[in-house]
Structure formats: structure tokens, C-alpha cells
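Trainee: predicted model, plus sequence, below.
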Amino acid sequence: NAGVTQTPKFRVLKTGQSMTLLCAQDMNHEYMYWYRQDPGMGLRLIHYSVGEGTTAKGEVPDGYNVSRLKKQNFLLGLESAAPSQTSVYFCASRWTGNTEAFFGQGTRLTVV
Amino acid sequence: GDSVTQMEGPVTLSEEAFLTINCTYTATGYPSLFWYVQYPGEGLQLLLKATKADDKGSNKGFEATYRKETTSFHLEKGSVQVSDSAVYFCALSDSYEGAQKLVFGQGTRLTINP
């Protein structure tokens, strides 16, 4: 019962470096999401996907790209990391819009 | 666009006190409403939900009623325990956009003292 797995759990990047965060779910969910969590800001939606091969922008998409080449995986990329992208990133998945979302454990990213 | 507003935190209560965390929303269509809870160092997990007006969601002693007339979904518990200490998030999915997005409020940190 893995559920939603995020890789890595922690990462420190230098300004300008790139990286990819991986989200994998084993529940055959259609919808997948990437959020960032900052103190006092709650969860803000970065990008989301409603099915394999589809992606859409959320509330704060700038500086991030995503891909959903396989239904079970949703990748979040940072092409040129900035200190403002220091945050905790959460991935979530669910069947449809009215159903429960399942979250990963989070990735703590620090950009120095 | 859609939005969720929660009461300002943090909230500190004594054990066995009554809890209310206010949540109001703005939506274009007809949303489903959720409360999620986040324990320290963990991801969010669903606490309860309601999908239509006047529905009451309940779980682990927590309750919330979908009030369309006041666009609210306040979380309540009659007697809180130390183990309820966590961050609580109100969220919605709006039917207007096919309920694709899941939008969260800013979260309310709850601390229960013994």
C-alpha cells in the first residue's frame, strides 16, 4: 500500500541549478497535483493533470514545468532554481473532483 | 476565481474544550467541500467532506455542515484532545471547472494543551 510516493524527500540546490521532483501513485488515479506549502500561505497549486498526457497551470506556475507521460507519474521540474522556490512541495492524486485526494509525504527543497 | 478563507490562527485550547474553525468560500459553480488535517512532518489526509448543500460530514468526532446560504463549512468538535493538535485545511472543488482543481485555504494551526 504505497499510495503516493515523492522522491526525493530533501534537497538543497544552488541558485540556477535544475532538478526534477518525482511523484508516483499506485492507485490508478486520473487526477494529480503539485502544491507548494509556505508558512502562512497554505497550499498553493502549481500545476495539475486530469489524465495521462495532460497538464494545466495552477495558481503559481511560473518557474516550474510538469509532465505526465505515464498515468502513475507526475514530474515537477525546476529549470533554474531561485531562492523564492524554497518551500515544501506536496504531490496529491485522486479519482475525480469529488473524491478524496491522497498526499505524499512532501519534499523539502532549499535553494541557496 | 475560487477561493477559501479560514479563520486566523494559531488556535490554542485546553483539553476537552469546544472547537470551531471557521471556513468560508467563493465559487463560481457548485463546489464539493473538504477538511484536511496535517500532522507534524506528514502530508495532508482527508478528515471529512460534503458534496451538496445541508450535507454534514463527520469523522473522529469532528463535524462540518455545508451551508450554501452563508457559503460556509465550519469545522466543530465538542471535546478536543491533545492528539487533535495539527494544522487543519479547508478546501473545495468547483463543479464549474469540472471539479478539476482542489483549492485550499491558508490552514489553521491548532494546539491542545493538557
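Mentor: On my side now, so go ahead.

Trainee: C-alpha from now on. contacts and neighbour counts both.
Mentor: Noted.

Trainee: give me phi/psi at whichever residue of chain B sits closest to chain A?
Mentor: Nearest to chain A in chain B, going by C-alpha to the nearest C-alpha, is residue B:106, at a distance of 3.6 Å. Torsion angles at residue B:106 (phi, psi; degrees, to the nearest 10) stand at phi -80, psi -10.

Trainee: for it, which non-adjacent residue is spatially closest?
Mentor: residue A:42 (3.6 Å; C-alpha to C-alpha, 6 or more residues apart in numbering or on different chains).

Trainee: hang on, the earlier thing: the residue of chain B closest to chain A: what's it in contact with?
Mentor: A:40-43, B:4-6, B:89 (C-alpha atoms under 8 Å, 6 or more residues apart in numbering or on different chains).

Trainee: now these as JSON lines including pLDDT and neighbour count?
Mentor: Supplementary listing: the contacts of residue B:106 in JSON lines, determined by pLDDT from 0 to 100; neighbours: other C-alpha atoms under 10 Å in any protein chain shown:
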{"residue": "A:40", "pLDDT": "76", "neighbour count": "12"}
{"residue": "A:41", "pLDDT": "78", "neighbour count": "12"}
{"residue": "A:42", "pLDDT": "86", "neighbour count": "20"}
{"residue": "A:43", "pLDDT": "92", "neighbour count": "23"}
{"residue": "B:4", "pLDDT": "94", "neighbour count": "22"}
{"residue": "B:5", "pLDDT": "94", "neighbour count": "18"}
{"residue": "B:6", "pLDDT": "93", "neighbour count": "22"}
{"residue": "B:89", "pLDDT": "96", "neighbour count": "29"}
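
Trainee: who's the closest residue to chain B within chain A bridged to?
Mentor: With C-alpha to the nearest C-alpha, the shortest gap between chain A and chain B falls at residue A:42, namely 3.6 Å. Beta-bridge partners for residue A:42, by DSSP bridges, are residue A:38.

Trainee: wait, isn't it in contact with residue B:109?
Mentor: No - at 10.7 Å, residue A:42 and residue B:109 do not qualify as touching, with contact defined as C-alpha atoms under 8 Å.
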